[in-house]
Structure formats: C-alpha cells, structure tokens
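A.B. asks: Following is a predicted model, sequence given first.
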Amino acid sequence: MPFEVLILVPFFFLAAFLYSSVGHGGASAYLAILVLAGFPREGIAPTVLVLNILVTLLGTISYYRAGHFDARLLLPFILTSVPAAYLGGSLRLSEQTFSTILGLTLLVAGLRLLVFTKAVTARPPVALRLLLGMGLPVGFALGFLAGLIGIGGGIFLSPLLLLMGWADAKKTAAVSAGFILLNSLSGLTAHIIKGAADWPLLGGLAITVLIGGGIGSYIGAFRLLPITLQRILGAVLLLAAFKLFI
C-alpha cells in the first residue's frame, strides 16, 4: 500500500465506523479526506462510491437481520432516485451553489436532531398516497444531487424521515442504508462510463472500510439505543455540513 494511502487508513476506518452506525456509507467523509489530501475530486468519485457500496451493503444486511428494514417505506424513494442518480452522475457541473444550500440544510437538520431530548418515535404507517406523492419527487431530487456530488444521498434522506415522523432512528438507518446502496450503484455506473476508478487507491482502502463498516453497522443495529443513534446522526449531519462548506 502506498505511504500516502497508508496514512489515510485511520481516518477512513473512523469514518466508516461512525457513518455505518447510522446506516450511512461515509461517502461525504471519504470525499473530504481525499480532497484535503490532494487527490483530484473528479478522479476519486468512482472510488468513493465503491467504498460507499461496500459499507452500506454491510449496513443493509445488519439492519435487515435486526428487523428494522422497511421495504414499503424505501420503495417510493428509490423508484425515482436510482435513475436520477445516474443522470446526476453523468453531468459535469459546478457544485458550489449546491454545496452551500445543502450544507445549510444539513446544518439545520443536524442541530435539530441533537437538541431533541427524546428519541423520535414513528407515527402509524404513512398512507400509500402520501408516501408516493412525496417519495417520488423527493427521491428524484435526492438521487440527482447524490449522483451529481458523488455520494449515496442518505445524508439527505435520514433527517427527512426522522423529522417527518415516518420512521424511528433504527428504521431510518435501515432504509437509508438501502437507499444509499442502490443510488451508489447507479451513480457509480455513470462515473465509470465517464472514467475508471483509481483501482490502486481503492484496493488499499476497501479492507479498511469493510472492517470499520462491519463493526459500526453491527453496533448501530444491535447495540445502540435509539436516542444515542439519533444523536450520532445529528453529529454526522453537522460533520457533512462542515465538509460541504469547506
């Protein structure tokens, strides 16, 4: 493993561990680490998406085994987000405006989750008409932005599900993991068509995020209390907002 990659290993392990505990893949953190380390943004997007896929695959399995996965809640979002993620990943656009708007959104959502004194509890199952009416257009918007930036989009979906009261922290993590996994696969396809991933870089970091993601997703699914999970998610959102502002 090249030395410049070796020194990044602890940061990738910590990012995978933290993000996977709330059902996320860590793409926003991986992007920040690599960009700050001097790697070109366009060239690392496929690598980051592959790492995202590995971690969220483990997360999806862990939360499914723990009984928190809700396919009915996930389906309306992915019907439009998956093709939108491919579309976003195919474009080459400036991200400054998007990053500013999304950074502010994540900042507000993260602060809101951190100041909750009690765990968010899900309301009765959402009516199918409302779920489709909101899920389809929101899924398209989140998928497009995810593909454009080079992440899975769960960082946007998680606070929406919690703040709407559609899912508690555990179910939110489970649905987000599946959402990120499918969007990352779609976005990766578009990025690979534009240009191949940095395979030497990917090989050096894949094992690291698999270990960190495996441990984090197990702890999140089986060990953490919902309020703890919710507060970790709030901290993750603030971290992502900080990264976007930078």
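C.D. replies: Everything's here; your move.

A.B. asks: By mean pLDDT, flag the weakest helix or strand of the chain.
C.D. replies: Every helix and strand in the chain was compared by mean pLDDT, DSSP states H and E; the lowest is helix 96-115, with a mean of 69.

A.B. asks: just the CA coordinates of whatever helix or strand comes next after it, formatted as CSV?
C.D. replies: As assigned by DSSP states H and E, the chain's next helix or strand after helix 96-115 is helix 128-149. Coordinates of each C-alpha in helix 128-149 appear next as CSV, following Å, rounded to 0.1, in the frame of the first residue of the first chain:
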residue,chain,number,x,y,z
LEU,A,128,-49.6,5.0,0.4
ARG,A,129,-50.9,8.1,-1.5
LEU,A,130,-48.9,10.4,0.7
LEU,A,131,-45.9,8.2,0.6
LEU,A,132,-45.9,8.1,-3.2
GLY,A,133,-46.9,11.8,-3.5
MET,A,134,-43.8,12.8,-1.5
GLY,A,135,-41.5,9.9,-2.1
LEU,A,136,-41.3,10.1,-5.9
PRO,A,137,-40.4,13.7,-6.3
VAL,A,138,-38.2,13.9,-3.2
GLY,A,139,-36.5,10.7,-4.3
PHE,A,140,-35.7,12.2,-7.7
ALA,A,141,-34.3,15.3,-6.2
LEU,A,142,-32.1,13.5,-3.6
GLY,A,143,-30.9,11.0,-6.2
PHE,A,144,-29.9,13.7,-8.7
LEU,A,145,-28.0,15.6,-6.1
ALA,A,146,-26.4,12.4,-4.8
GLY,A,147,-25.2,11.5,-8.3
LEU,A,148,-24.0,15.0,-9.0
ILE,A,149,-21.9,15.2,-5.9
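
A.B. asks: residues making contact with helix 128-149?
C.D. replies: Helix 128-149 is contacted by residues 31, 72-73, 75-91, 93, 95, 98-99, 102, 152-153, 156-157, 160, 183-184, 186-187, 190 when judged by CB atoms under 8 Å, 6 or more residues apart in numbering. In this view, the C-beta of every residue, glycine as well, is placed from N, C-alpha and C.

A.B. asks: Now the buried members of the residues you listed.
C.D. replies: By neighbour count, with 16 or more other CB atoms under 10 Å, these hold 31, 73, 76-89, 98-99, 102, 152-153, 156-157, 160, 183-184, 186-187, 190 as buried.

A.B. asks: picking that back up, next step: the contacts of helix 128-149 restricted to helices.
C.D. replies: Those of the contacts of helix 128-149 mapping onto helices are 31, 72-73, 75-90, 98-99, 102, 156-157, 160, 183-184, 186-187, 190, per DSSP state H.
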